[in-house]
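Visitor: sequence first, then the predicted structure, then my questions.
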Amino acid sequence: MSGREPDGAILPLSAAQREIWFAEQSLDSKNSVYKVGEYIRINGPLDRTLFERAVRQVIDEVDALHVRFAESGDEVRQVVRRVPDWALPRVDLRGAPDPLAAAAAWMADDIRGPLDLARGPLFRHALLDLGGDRHIWYHSYHHIVMDAYSAQLVARRAATVYTALAAGRACDERPFGSLRRLLDSDAAYRSSEQFAHDRAFWSGLLADRPQTPRIVPPSRGTPSEFLRTTARLPQARLDRMQEVARRARMPWSQLAIAATAAYVHRMTGARDVVVGLP
């Protein structure tokens, strides 16, 4: 079921949104820890005008990206306010000594900029030109309206729309459901017997959980940003890892999680390791 909430529609928050809202209230106005984003490298010819049309169409299709948050008495509501003319800058980095490094620096600086829940918009897009038919599509969001999985859906949809436009075809169907339907589903689940059953199961399962081992002492304050580091495995090691996963009949991602638990055990000595996953 697809749909579009009318401008001015007033909606409740989902359970997950309420948690983020209350957590956000404890942060100072410059803290961007709840701003999430990703970038996609585009290698090859790109019609930048068609690309912008595709991105704007997709953003218009996603209700959750057109809301503002406001307190009313003891309640918090989200109000749909369509954003008719939001900025999609084209950043020219062709003259930089290292365009890729310049792009990384530009995005790191942008992701630190907070988003105003009361004013919006709660998203940011940019097209970075590295020269030689190389571009980066950067998009970021406030976590109260978008998570990493949803961002991937937006990216895939934009690729579909761009491909259709480049081929001269219309791409008018709306694959995303309405925000109201999502919120109704969340409310129905949380008032259901299934929710009570699930809560009892997990509360019982984790009732005697061990204390979470820590490799470093916990932070005394609220973080202002995430730290990220990237390493690349040699192909031979990755092939070996995937072969072990195949023999164990599991996705290689589960093998990586098991290796993480083993590493925490080795570094801390904890015999029971709790690993938190989204």
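Guide: Happy to help now that I have it. Residues are numbered from 1 along each chain as shown.

Visitor: use CA for all of it now, contacts and neighbours both
Guide: Fine.

Visitor: quick one: what helix or strand has I40 in it?
Guide: Using DSSP states H and E, I40 falls within strand 35-43.

Visitor: show me what the next helix or strand after that strand is packed up against.
Guide: Downstream of strand 35-43, the first helix or strand assigned by DSSP H and E is helix 48-61. Where contact means 3 or more CA pairs under 8 Å, 6 or more residues apart in numbering; DSSP states H and E, helix 48-61 is packed against helix 148-166.

Visitor: report the distance from the helix it packs on to the chain centre.
Guide: In terms of CA atoms, centre = their mean, to the nearest Å, the centre of helix 148-166 is found 14 Å from the chain centre.

Visitor: what inclination does that helix have with respect to helix 48-61?
Guide: Inter-element angle recorded for helix 148-166 and helix 48-61: 130 degrees (by axes from the mean of the first three to the mean of the last three CA atoms, to 10 degrees).

Visitor: could you shift the numbering so residue one becomes 21, and keep it that way?
Guide: OK, 21 is where the count begins now, so the last one is helix 168-186.

Visitor: picking that back up, which secondary structure elements does the strand holding I60 contact?
Guide: Contact partners of strand 55-63 among helices and strands, from 3+ CA pairs under 8 Å, 6+ apart: helix 119-131, strand 154-162, helix 168-186.

Visitor: quick one: closest of those to R269.
Guide: Of all those, helix 168-186 sits nearest to R269, with 24.8 Å by CA to CA.

Visitor: contacting residues around the closest one?
Guide: 56-57, 70-71, 73-75, 78-79, 190-191 (CA atoms under 8 Å, 6 or more residues apart in numbering).

Visitor: circling back: parallel or antiparallel, list what pairs with the strand holding I60.
Guide: If you go by DSSP bridges, strand 55-63 pairs up with strand 154-162 (antiparallel).

Visitor: with just CA atoms, put the partner strand into PDB.
Guide: C-alpha atoms of strand 154-162 as PDB (Å, rounded to 0.1, in the frame of the first residue of the first chain):
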ATOM      1  CA  ARG A 154      33.800  10.300 -10.900                       C
ATOM      2  CA  HIS A 155      31.200  11.600  -8.500                       C
ATOM      3  CA  ILE A 156      30.100  11.000  -4.900                       C
ATOM      4  CA  TRP A 157      26.500  11.100  -3.900                       C
ATOM      5  CA  TYR A 158      26.300  12.100  -0.200                       C
ATOM      6  CA  HIS A 159      23.100  11.900   1.800                       C
ATOM      7  CA  SER A 160      22.600  12.300   5.500                       C
ATOM      8  CA  TYR A 161      19.600  12.300   7.800                       C
ATOM      9  CA  HIS A 162      18.500  12.700  11.400                       C
END
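
Visitor: thinking again about what came up before, could you dump the helices and strands packed on strand 55-63 to a markdown table with distance to A265, mean pLDDT and mean neighbour count?
Guide: Formatted as a markdown table, these follow (distance: least, CA to CA, whole Å; pLDDT from 0 to 100; neighbours: other CA atoms under 10 Å):
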| stretch | distance to A265 | mean pLDDT | mean neighbour count |
| --- | --- | --- | --- |
| helix 119-131 | 33 | 95 | 16 |
| strand 154-162 | 33 | 97 | 21 |
| helix 168-186 | 24 | 94 | 16 |
